[in-house]
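Colleague: My questions concern the predicted model and sequence given below.
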Amino acid sequence: MISKQTLLNVVADYEALSSLAAAEVIRQVKQKPNACFCLAAGDTPKGMMRYLVEAQRRNEADFSQSHFVLLDEWVGLDKQDEGSCQHFLYTNLFEPLQIAESQIHGFDAKADDVEEECRQINTTIKELGGIDLTVLGIGVNGHIGFNEPGVDFTKEAHVVHLEETTTSVGAKYFADQQQAPEQGLTLGVSQIMEADKAVIIASGANKRPAVYALLYEQVSSQCPASILRTHHHFQLLCTEDSYPNYEAM
Ligand code: PGA
């Protein structure tokens, strides 16, 4: 059963999804101009980011006081590396929105001591007063950020050995690689759960099993996204092609 807290919105296609997700972000920044956002990189949020950039260009949104916390990164990569999460965020969001470095809070996944990077981002999030709104994708294996199946829900930022599914699906971000890096750095589920509002966006038939597990299977670390069903302010926005036909399954 879907819990009472879960708001489910099934829309016709990717454009509708992108526009609806952008509307959530815009609503938040209007309500609190210095809000702290945690927005996932990836193919799914790309359209949403285009709508956000257009909104600021038309003076319908102003992100000049907002803060952005990085969700995850491939270990060994930074914003200079094509295929990295930061490269994606700078290209599709931060640069077009003219977000200053002081508004961006990340970790250095190229650092010698990535554990220390995790400790620092944990402190930074607390200093910022927590995340107001997070917009997440969902992996085909049900992951959120790089919180893979079996993750400890109580963890804060940590280093992860990524599943083969994640590294092979992740190869799409890298023009010249068959596989993405095998380690990731991610905010933990506990930090996602502490966000004031959480949104997951899903598009494409390949996400249907993960969306099914999120909505209808037991809340379990086997589908990390399923824990969001217990979040006090959670919305799932998905396209018709990613929505499981529950009756038929
Ligand atoms: P995608 O990635 O938006 O590129 O499908 C989602 C994810 O794996 O978290």
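Modeller: That came through fine.
Colleague: helices and strands around the helix or strand harbouring His87, which ones?
Modeller: His87 is part of helix 85-89, with elements assigned from DSSP states H and E. On a contact count with 3 or more CB pairs under 8 Å, 6 or more residues apart in numbering; DSSP states H and E, helix 85-89 meets strand 72-74. C-betas here are computed from N, CA, C, even on glycine.
Colleague: For beta bridges, what are the partners of the nearest residue to Pro224 once chain neighbours are set aside?
Modeller: Leaving aside its sequence neighbours, Pro224 sits nearest to Asn147 (CB to CB, 6 or more residues apart in numbering; 4.5 Å). Beta-bridge partners for Asn147, by DSSP bridges, are Ile144.
Colleague: Run a quick neighbour tally on Asn147.
Modeller: Neighbour count of Asn147, defined by other CB atoms under 10 Å: 29.
Colleague: gap between it and the ligand?
Modeller: 10 Å (CB to the nearest ligand atom, to the nearest Å).
Colleague: repeat for Ile144
Modeller: 7 Å.
Colleague: so Pro149 sits right up against Thr165, yeah?
Modeller: No: look at Pro149 against Thr165 with CB atoms under 8 Å: they stay out of range, at 9.0 Å.
Colleague: where does the chain have low pLDDT?
Modeller: Residue ranges of the chain with pLDDT under 70: 1-6, 246-249.
Colleague: Can you tell me, leaving aside adjacent residues, what's nearest to Pro181?
Modeller: Using CB to CB, 6+ apart, the closest residue to Pro181 is Trp74 (4.2 Å).
Colleague: returning to what we had before: quick one: residues contacting the residue nearest to Pro224.
Modeller: By CB atoms under 8 Å, 6 or more residues apart in numbering, the contact list for Asn147 reads 155, 160, 186, 188-189, 192, 224.
Colleague: Using neighbour counts, give me the buried entries of the residues you listed.
Modeller: Using 16 or more other CB atoms under 10 Å as the burial test, the contacts of Asn147 include 155, 160, 186, 188-189, 192, 224 as buried.
Colleague: Good, we can wrap up now.
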